[in-house]
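A.B. asks: from the sequence below, what's the structure:
(4 chains)
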Protein chains: 2
Amino acid sequence: MTNNSVAEADVSAGEGNNHNGRKYRPGRIRERNREKILQAAEEEFALNGYKGTTIQNIAERAGLPKSNVLYYFSNKKRMYAAMFDDILARWNRVFSDIRPEDDPAEALATFIRTKVEMSRRYPLASRLFAMEIIQGAPFLLNHLRTNMREWVRGRAEVLQHWIDNGRMAPVDPVQLIFLIWSSTQHYADFQVQILMVENKAEYEKRDFDHAADFLTDVILRGCGLEKPT
Amino acid sequence: MTNNSVAEADVSAGEGNNHNGRKYRPGRIRERNREKILQAAEEEFALNGYKGTTIQNIAERAGLPKSNVLYYFSNKKRMYAAMFDDILARWNRVFSDIRPEDDPAEALATFIRTKVEMSRRYPLASRLFAMEIIQGAPFLLNHLRTNMREWVRGRAEVLQHWIDNGRMAPVDPVQLIFLIWSSTQHYADFQVQILMVENKAEYEKRDFDHAADFLTDVILRGCGLEKPT
DNA sequence: TCACTTGTTGTCCATGTGTTCAGGAGTCCG
DNA sequence: CGGACTCCTGAACACATGGACAACAAGTGA
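C.D. replies: Coordinates of the predicted model:
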């Protein structure tokens, strides 16, 4: 199995037991603070980029002194990497596989809806990821080369299978995946632009529903599919 | 007319004449160096973000001493803004208007092709813009609120006109514009990801042609249109 | 050539930032 | 309670960076 994480393991004190035989429960304090910090980091990094974010800012947002933050993540890089581990894990938990015997229209619709939902629920993660890629993916390159490539190939194969069996129009499967990725992420990444253009102060749930409807409608038809009931 | 630029005018020495009555041609040296610097800035900012970019880096890439760069752009912010003025002007030069009497399929196809072509020719500009928006558009907010909003409304009106006349499927025109924006820009902004997933070292011209073909194909069909001959 | 503008550059400095470190407080278990 | 370990934190430091500035060089029209 390829290494699935972007962060080299941190020294991570408190991994359960020690050389003494005495057992300590791996601190719940640790757990709680780690989360507070990662949460804050996500917001700061997404707002200011890697370089633009200072540990001080993260610390303030997390309500902790800077030194304390550095106690949990020995340095900035590791923190950034740990954040992505978190995000990728979160994503992995959500996306279900597709199978050749599934209904194409239904599968695509679900995929689109799920992705739009991700844009709604985790816009920060989406933006973070986008910025990372735009800058050449210095941290995620390996992840793209391995996990993501396989992911895409797997899906593309199924799509191709559907095409070969005449169950959808013959469109390039990989490009189709890109199309769905880009158009759905757009609602998270370019939120400000969309809000400005539409002259709205903030998103509402129904905006996402509308977007999802629109995208399934156009893309499915674009693939020669009927909207599922 | 609304102010079309994002940069407050720089002091910009050498604006032609002086208080003395004597006339100087606004230095060609100035012109040349300005361009060298803006070019370098585009590359650096796109690669490292606003904060991550140092004047020193830009200077080195432009082959000038830092002090000289600061002679042309009195500070980092102004430089960043000037760069966007450049980029926006470049874009404005390219996009033609659409008219109600145009053929929908042809107009959309042209639009898509033009945007893909922009992704190919000016990937840095696209990435720069993307990063700026993702981070909340601190510099471009005003531009989004005015110019871009009007731009979208103008196009949307024409699209709606076509829909009302039954010349294309009834899809939300504004969403359609977003869809085209996002899917076409994706090839510039997420270049690394695409290359990694497809296991290619670099783009070739034909990749963009292929992408443009795919997008026109799917999106036009998605709008109930036939591909133009 | 002169008078004046434009262009060039080295130096200097205040500020901000990542990271280290040493010591102290808190927590848990026998 | 005592010992062992986890958690916390203020102070200090080395270093990078944006920008000011003053002196100097080059260019330009008369």
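A.B. asks: residue A:106 touches residue A:228, doesn't it?
C.D. replies: Yes. With contact defined as C-beta atoms under 8 Å, residue A:106 reaches residue A:228; the gap is 4.5 Å. Placement of C-beta: from N, CA and C, glycine included.
A.B. asks: send me stretch A:221-229 as CSV with only the CA atoms.
C.D. replies: Taking Å, rounded to 0.1, in the frame of the first residue of the first chain, the C-alpha atoms of stretch A:221-229 are listed here in CSV:
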residue,chain,number,x,y,z
ARG,A,221,-28.1,16.0,-21.1
GLY,A,222,-24.6,16.7,-22.4
CYS,A,223,-23.8,13.1,-21.9
GLY,A,224,-27.0,12.0,-23.7
LEU,A,225,-28.7,10.9,-20.4
GLU,A,226,-32.1,11.5,-19.0
LYS,A,227,-32.4,13.0,-15.6
PRO,A,228,-33.2,10.3,-13.1
THR,A,229,-36.6,10.3,-11.5
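A.B. asks: just give the number of residues close to residue A:56.
C.D. replies: 12 (other C-beta atoms under 10 Å in any protein chain shown).
A.B. asks: and the contacts of the lengthiest helix in chain A?
C.D. replies: Taking DSSP state H as the criterion, chain A has its longest helix at helix A:28-52. By C-beta atoms under 8 Å, 6 or more residues apart in numbering or on different chains, the residues outside helix A:28-52 that reach it are A:14, A:53, A:57-59, A:61-64, A:68-69, A:72-73, A:79-80, A:82-83, A:86-87, A:124-125, A:127-128, A:131, A:135, B:48-52, B:131, B:134-136.
A.B. asks: which among those count as buried?
C.D. replies: When the contacts of helix A:28-52 are checked for burial by 16 or more other C-beta atoms under 10 Å in any protein chain shown, the buried set is A:53, A:57-59, A:61-62, A:64, A:69, A:72-73, A:79-80, A:82-83, A:86-87, A:124-125, A:127-128, A:131, A:135, B:48-52, B:131, B:134-135.
A.B. asks: next, the buried residues of the lowest-mean-pLDDT helix or strand in chain A.
C.D. replies: Sorted by mean pLDDT, DSSP states H and E, the helices and strands of chain A end with helix A:28-52, the least confident at a mean of 93. Within helix A:28-52, the residues that qualify as buried are A:30, A:33-34, A:36-52, counting by 16+ other C-beta under 10 Å.
A.B. asks: that one: what's the following helix or strand?
C.D. replies: Once the chain leaves helix A:28-52, the next helix or strand it forms, by DSSP states H and E, is helix A:55-62.
A.B. asks: domain map for chain A?
C.D. replies: Chain A is divided into the following domains under automatic domain parsing: A:28-75, A:95-222.
A.B. asks: to residue B:193, which of those lies closest?
C.D. replies: For the domains of chain A, the distance to residue B:193 is smallest for domain A:95-222, at 5.0 Å, taking C-beta to C-beta.
A.B. asks: can you measure across that closest one, start residue to end residue?
C.D. replies: 23 Å (C-alpha to C-alpha, to the nearest Å).
A.B. asks: chain center to it: distance?
C.D. replies: Mean C-alpha position of domain A:95-222 versus that of the full chain (C-alpha atoms, centre = their mean, to the nearest Å) differs by 11 Å.
A.B. asks: I'd like the mean pLDDT over that domain, please.
C.D. replies: Mean pLDDT, domain A:95-222: 97.
A.B. asks: anything in that domain near DNA strand C?
C.D. replies: No. Against DNA strand C, domain A:95-222 shows no contacts by C-beta under 7 Å from any atom of the strand, the least distance being 13.9 Å.
A.B. asks: surely residue A:100 is in a strand?
C.D. replies: No. Under DSSP: H, G, I helix; E, B strand; the rest coil, residue A:100 falls outside any strand and is assigned coil.
A.B. asks: what residues are up against it?
C.D. replies: By C-beta under 8 Å, 6+ apart, residue A:100 lies in contact with A:158, A:161-162.
A.B. asks: from the residues you listed, list the buried ones, please.
C.D. replies: Buried among those (16+ other C-beta under 10 Å): A:158, A:162.
A.B. asks: now render the contacts of residue A:100 as a markdown table, adding secondary structure.
C.D. replies: As requested, those are exported to a markdown table (three-state DSSP):
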| residue | secondary structure |
| --- | --- |
| A:158 | helix |
| A:161 | helix |
| A:162 | helix |
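A.B. asks: any idea which element residue A:82 lies in?
C.D. replies: helix A:76-94.
A.B. asks: alpha carbons of that helix, as CSV, please.
C.D. replies: Output of helix A:76-94 as CSV, limited to C-alpha atoms (Å, rounded to 0.1, in the frame of the first residue of the first chain):
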residue,chain,number,x,y,z
LYS,A,76,4.6,25.1,10.1
LYS,A,77,5.2,22.7,7.3
ARG,A,78,4.0,19.7,9.4
MET,A,79,1.0,21.6,10.4
TYR,A,80,0.1,22.4,6.8
ALA,A,81,0.6,18.8,5.9
ALA,A,82,-1.4,17.5,8.8
MET,A,83,-4.2,19.7,7.7
PHE,A,84,-4.3,18.1,4.3
ASP,A,85,-4.3,14.7,5.8
ASP,A,86,-7.3,15.7,7.7
ILE,A,87,-9.0,17.1,4.6
LEU,A,88,-8.2,14.1,2.4
ALA,A,89,-9.5,11.7,4.9
ARG,A,90,-12.7,13.6,5.2
TRP,A,91,-13.2,13.5,1.5
ASN,A,92,-12.4,9.8,1.2
ARG,A,93,-15.1,9.1,3.7
VAL,A,94,-17.7,10.7,1.5
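A.B. asks: what does it contact?
C.D. replies: For helix A:76-94, contacts defined as C-beta under 8 Å, 6+ apart pick out A:4-8, A:10, A:37-38, A:41-42, A:45, A:50, A:55, A:58, A:69, A:73, A:114, A:118, A:122, A:125, A:128-129, A:132, A:139-140, A:143.
A.B. asks: give the buried residues for the next helix or strand after it.
C.D. replies: Where DSSP H and E defines the elements, the next helix or strand beyond helix A:76-94 is helix A:104-121. Applying a neighbour-count criterion of 16+ other C-beta under 10 Å, one finds A:104-105, A:107-113, A:115-116, A:118-120 buried in helix A:104-121.
A.B. asks: next, the angle helix A:76-94 makes with helix A:104-121.
C.D. replies: Put simply, helix A:104-121 runs at 140 degrees to helix A:76-94, going by axes from the mean of the first three to the mean of the last three C-alpha atoms, to 10 degrees.
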